[in-house]
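Colleague: build the 3D model from these lines:
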Amino acid sequence: MRIGELDIERPVILAPMEDVTDRSFRKICRRFGADIVYTEFISSEALRRGIDKIVRKMLLDESERPAVIQLFGDSAEAMAEAAVIAAEAGPAYIDLNFGCPVKKVAGRGAGAALLKEPEKMARIAEAVVRAVDLPVTVKTRLGWDRESINILDIVPRLEDAGIGALAVHGRTRSEMYRGIADWDWIARVKERAVVPVIANGDIWTAHDALEMFRHTGADGVMIGRGAIGNPFLFTQVRDLLHEGAVKSTPGFRERIAVAIEHLRLSVEYKGEKSGTLEMRRHYATYLKGMPRVSRVRNRLVREDDWRAAIEILEAYESECEVYEREGKIGEYAEFLNDHSRRLVLK
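Modeller: Numbers count the residues shown, from 1 in each chain. Predicted structure coming up:
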């Protein structure tokens, strides 16, 4: 897949997720094999006003590149101006969020709301393309609801506007994240599109990623919720794609070690209070399926001191070592098997 100067065969990409894909998590996912990582989505209006919290979301470490800055907004002028500011941070390309379904975005006429206004969507894309020298891409959904799927009408409009690639989540806005993503529609987009297509939706295992490539013919795949607390998934996908097999499954030691690393980075980048609080959303998935974990998780999400949180995690690792000697450590259910959740659901 080629976008500007980037040329990566079958890239596996970390999707933009608000309050998840911050600098600490992007850095970890790159280390575990994500080919490209996206920032959280950034408000164009807030960026053009120079709001410090929003500007900090664009800070990129060398170790996380190639990284992409994603913008959202409902004004061509604001989006173009924000793109010029974002380009100064040196992303690989700029992505336009035309697919976020949450009320605080779509309810303001941005994100997925633009699926109801394809002409406006194209005008915004064209304004951004003209404003910056970097490649500009789009991430969107199939349509507003199942009765108004219009992605095949949108594709040529965006291509005429000059976008360099299109990422498609296989759901409509009204479906939010319910049910199963419709990969058949992504395959139809790939058949129609001239620009590279990135497939997104319900990649929970390495085998899901392989099946997504096969089913849709996409040029790249994008992993969102399946990566939360599970950056190891990128290594597993890379192994399966390039060597034909998943080589390893992370055990409790590695999961706890990476959770601690993530917490330390979160505190380093966001300060002790915010870094500790914002890490709470990740513990459940890092530790999911481990023995007698609920009480440990409950302590972690109530702990305000990051040093004490590390002590809790280290003590739990010692506890798990006892379970291991007693033969009570089993496979960690969903995250750790080699079977596709999608195929099971079907």
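Colleague: what's the nearest residue to residue 215 if we skip its chain neighbours?
Modeller: Once flanking residues are discounted, residue 215 sits nearest to residue 183: 4.9 Å by C-beta to C-beta, 6 or more residues apart in numbering. (Glycine included, C-beta is placed from N, CA and C.)
Colleague: host element of the closest residue to residue 209 other than its chain neighbours?
Modeller: With sequence-adjacent residues excluded and distances taken as C-beta to C-beta, 6+ apart, residue 209 is closest to residue 237, at 4.4 Å. Using DSSP states H and E, residue 237 sits in helix 232-243.
Colleague: list the helices and strands that helix packs on?
Modeller: Packing partners of helix 232-243 (3 or more C-beta pairs under 8 Å, 6 or more residues apart in numbering; DSSP states H and E): strand 12-14, helix 206-216, strand 220-223, helix 252-270.
Colleague: any idea how far the first one is from the chain center?
Modeller: Between the centre of strand 12-14 and the centre of its chain there are 7 Å (C-alpha atoms, centre = their mean, to the nearest Å).
Colleague: helix or strand right after it?
Modeller: helix 23-31.
Colleague: measure how that next one sits relative to helix 252-270, angle-wise.
Modeller: Counting by axes from the mean of the first three to the mean of the last three C-alpha atoms, to 10 degrees, helix 23-31 lies at 140 degrees to helix 252-270.
Colleague: tell me which residues in helix 23-31 are buried?
Modeller: 23, 24, 25, 26, 27, 28, 29, 30 (16 or more other C-beta atoms under 10 Å).
Colleague: residue for residue, what is the longest strand the chain has?
Modeller: Ranked by residue count under DSSP state E, the longest strand found in the chain is strand 36-43.
Colleague: show residues contacting it.
Modeller: Contact with strand 36-43 is made by 6, 8, 11, 13-22, 26, 29-30, 54, 57-58, 60, 64, 66-73, 82, 86, 91-92, 95, 97, 100, 105, 111, 220, as judged by C-beta atoms under 8 Å, 6 or more residues apart in numbering.
Colleague: can I get that strand as PDB, trimmed to CA atoms?
Modeller: Provided in PDB are the C-alpha atoms of strand 36-43 (Å, rounded to 0.1, in the frame of the first residue of the first chain):
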ATOM      1  CA  ILE A  36       1.300   2.800  11.200                       C
ATOM      2  CA  VAL A  37      -0.400   4.400  14.300                       C
ATOM      3  CA  TYR A  38      -3.100   7.100  14.400                       C
ATOM      4  CA  THR A  39      -3.600   9.800  17.000                       C
ATOM      5  CA  GLU A  40      -6.800  10.300  18.900                       C
ATOM      6  CA  PHE A  41      -9.100  12.300  16.800                       C
ATOM      7  CA  ILE A  42      -8.400  16.000  17.200                       C
ATOM      8  CA  SER A  43     -11.000  18.800  17.000                       C
END
